[in-house]
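Chemist: model the following, please.
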Amino acid sequence: MSDCVIKVDHVSKKYKLYATPMDRMKEALSVRKKAYHKEFYALQDISFEVNKGEILGIVGVNGSGKSTLLKIITDVLTPSDGNLEVNGKISALLELGAGFNPEYTGIENVYLNGTILGYTNEEMKEKIPAIVKFAEIGAFIHQPVKSYSSGMFARLAFAVAINVDPDILIVDEALSVGDLNFQIKCMKKFDEFRNAGKTILFVSHDVNAIKRYCTRTIWIKQGHLVADGNTDDVTDRYLDFLHSAEASAFRSDGKVEQNEDGRNADFHDDYISQNPNDIGRIVDLKLYDQNGKETKDIQFGEEMSVELDYIMKRDDIGEIVLGIAIYALDNQYICGLNTLLDKYHVEYKKGHNKLRLTYKKMNILGGSYSFDIAIYEKNAQVPIDYKSRVCKFVMHAPYIGEGTCIIEHSWNGEV
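Modeler: Presented below is the predicted three-dimensional model:
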């Protein structure tokens, strides 16, 4: 197809694993070509195509082969089997700064990376002002990068990768580098790429981010492509896998440690910080029953409202997103809503602001619950402030069903 910009055709990546360094030497010197290794497939028989202008999400647990696939697409690794075709210049936000020479200055490394990407010095000279302005490292641009802090290094590497106007952008958990202001600027640049119709491969452990950005998603599990299709369908299958008993055998991060003492945020701290990265802060959340009375006890089937009180220290960052999620005490995710998904434009001013969310009919079953609440930039990707497990409330419900919620229903024997 003429619109196809990436074609992965039965690609595999195989590694030889040796128990000891001596086994590697024995195999190299073996006259009879005896094997002393075990074969490990990081990828096995992967095939898919990406069309021009498509935003493809890639999901999978750690160690599933996502990074290996991206390194093959970017020509960092060579596949053991299969073929790969790429039409267009690729810029990859993978290992930021890969290829930088620590002895070179920032400017020299910009030209070096431009050469790697196939640009001439004249072409890179035109891009230098935008890169320097985006990186925000001042006079350090003329100093050897070995003198940079980790944040300065990441900002320069990101600025180079995203300001060279590639045909294909590959993003692997790399949109949150630097401080909060820089993260927001990164997201704005990412928006420009999406709006310009660039081809994007987006890898993230944040399934909600995949749902927001991608219309098509692939799921890789233990080096195999197990699903390719509509993002909602694929991510729902992936979440089912993560929540299943099977996931525990593959999840690399183990159990999430709980810090009960740190669960409840201090809503009423004084907002006096002069840190320029303090853009906004959540200061309170109150619950009201259907009669408008403040309460922590909610009756099944009745209306409930939550009033979010927040402070914005700046009013020049553009649109913001407010999100509110309900969790059970066992950390079960009950319901998450935000103004971006509901297409509600948040009007705010510098200083105190309030916003009310009304749940028309509370149909979750009895027990104790709490909220996660957040202020985000316009894409709901970079958190300006986030409070976890706050404002505990009790849901009172009769024993009329089992599970998490009661769906409105009727029985009919006349069928």
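Chemist: switch to C-alpha atoms for all contacts and neighbour counts from now on
Modeler: Fine.
Chemist: all helices for the stretch 51-200 of the chain, in order.
Modeler: Under the criterion DSSP state H, counting those that start in this stretch, the stretch 51-200 of the chain carries helices at the ranges 66-73, 106-116, 121-135, 150-162, 180-195.
Chemist: what's the worst-scoring helix or strand of the chain on mean pLDDT packed up against?
Modeler: The helix or strand of the chain with the poorest confidence is strand 90-93; it has a mean of 80 (mean pLDDT, DSSP states H and E). Here strand 90-93 touches helix 150-162, strand 168-172, going by 3 or more CA pairs under 8 Å, 6 or more residues apart in numbering; DSSP states H and E.
Chemist: could you find the closest non-adjacent residue to residue 136?
Modeler: Nearest non-adjacent residue to residue 136, counting by CA to CA, 6 or more residues apart in numbering: residue 155, 7.6 Å away.
Chemist: distance check, that neighbour against residue 163.
Modeler: Going from residue 155 to residue 163 by CA to CA, to the nearest Å gives 12 Å.
Chemist: which regions of this protein sit below the pLDDT cut-off?
Modeler: Low-confidence segments of the chain (pLDDT under 70): 1-2, 94-99, 173-178, 244-277.
Chemist: try it again with 50
Modeler: Filtered on pLDDT under 50, the chain yields the residue ranges 1, 251-266, 268-275.
Chemist: and the residue nearest to residue 136, how many neighbours?
Modeler: Neighbourhood size, residue 155 [other CA atoms under 10 Å]: 25.
Chemist: before we move on, what about residue 297?
Modeler: Number of residues near residue 297 (other CA under 10 Å) recorded here: 16.
Chemist: got it, and the one 5 residues further on?
Modeler: Counted by other CA under 10 Å, the residues lying close to residue 302 total 14.
Chemist: buried deepest among the helices of the stretch 51-200 of the chain, which one?
Modeler: Highest mean neighbour count among the helices of the stretch 51-200 of the chain (mean count of other CA atoms under 10 Å): helix 150-162, with a mean of 22.
Chemist: tell me the angle of that one relative to helix 180-195?
Modeler: Orientation check (axes from the mean of the first three to the mean of the last three CA atoms, to 10 degrees): helix 150-162 against helix 180-195 gives 10 degrees.
Chemist: off-centre distance for helix 150-162?
Modeler: With CA atoms, centre = their mean, to the nearest Å as the basis, helix 150-162 stands 18 Å off its chain's centre.
Chemist: need the residues that contact stretch 403-415.
Modeler: 334, 363-365 (CA atoms under 8 Å, 6 or more residues apart in numbering).
Chemist: give me that answer again for 6 Å
Modeler: Stretch 403-415 has contacts (CA atoms under 6 Å, 6 or more residues apart in numbering) with 363-365.
Chemist: now neighbour count, distance to residue 182 and secondary structure too, for those, in a markdown table please.
Modeler: Output for those, formatted as a markdown table (neighbours: other CA atoms under 10 Å; distance: CA to CA, whole Å; DSSP: H, G, I helix; E, B strand; the rest coil):
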| residue | neighbour count | distance to residue 182 | secondary structure |
| --- | --- | --- | --- |
| 363 | 19 | 41 | coil |
| 364 | 21 | 40 | strand |
| 365 | 21 | 42 | coil |
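Chemist: format those as JSON lines; extra columns: distance to residue 313.
Modeler: Putting those into JSON lines (distance: CA to CA, whole Å) gives the following:
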{"residue": "363", "distance to residue 313": "37"}
{"residue": "364", "distance to residue 313": "36"}
{"residue": "365", "distance to residue 313": "39"}
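Chemist: closest to residue 12 among those?
Modeler: residue 364 (46.6 Å; CA to CA).
Chemist: any idea how far the residue nearest to residue 136 is from residue 70?
Modeler: Applying CA to CA to residue 155 and residue 70 gives a distance of 21 Å.
Chemist: which stretches in the stretch 1-150 of the chain count as strands?
Modeler: Secondary structure of the stretch 1-150 of the chain (DSSP state E, counting those that start in this stretch): strands at 4-18, 37-51, 55-59, 81-86, 90-93.
Chemist: let me know which of those strands is tucked in deepest.
Modeler: With neighbours defined as mean count of other CA under 10 Å, the strands of the stretch 1-150 of the chain peak in mean count at strand 55-59, which reaches a mean of 25.
Chemist: now do that strand and helix 180-195, the angle between them.
Modeler: Using the same axes, to 10 degrees: strand 55-59 against helix 180-195 is 120 degrees.
Chemist: can we start the residue count at 34 from this point?
Modeler: Taking 34 as the first residue, the last one we looked at is strand 88-92.
Chemist: what is strand 88-92 packed up against?
Modeler: Judged by 3 or more CA pairs under 6 Å, 6 or more residues apart in numbering; DSSP states H and E, strand 88-92 is in contact with strand 232-236, strand 249-254.
Chemist: so how far is stretch 437-448 off the chain centroid?
Modeler: The chain centroid and the centroid of stretch 437-448 are separated by 38 Å, computed with CA atoms, centre = their mean.
Chemist: wait, stretch 313-324
Modeler: Centroid separation between stretch 313-324 and its chain, computed with CA atoms, centre = their mean, is 28 Å.
Chemist: okay, that stretch in CSV with CA atoms only?
Modeler: What follows is stretch 313-324, C-alpha atoms only, in CSV (Å, rounded to 0.1, in the frame of the first residue of the first chain):
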residue,chain,number,x,y,z
GLY,A,313,-1.8,24.8,40.9
ARG,A,314,-2.9,22.8,43.9
ILE,A,315,-6.0,21.0,45.2
VAL,A,316,-7.1,22.3,48.6
ASP,A,317,-10.3,20.6,49.4
LEU,A,318,-13.0,18.1,48.3
LYS,A,319,-16.5,18.0,49.9
LEU,A,320,-19.4,15.6,49.5
TYR,A,321,-23.1,16.5,49.4
ASP,A,322,-26.2,14.3,49.4
GLN,A,323,-29.2,14.9,47.2
ASN,A,324,-30.6,17.5,49.6
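Chemist: mind listing what's buried along that stretch?
Modeler: 313-318, 320-323 (16 or more other CA atoms under 10 Å).
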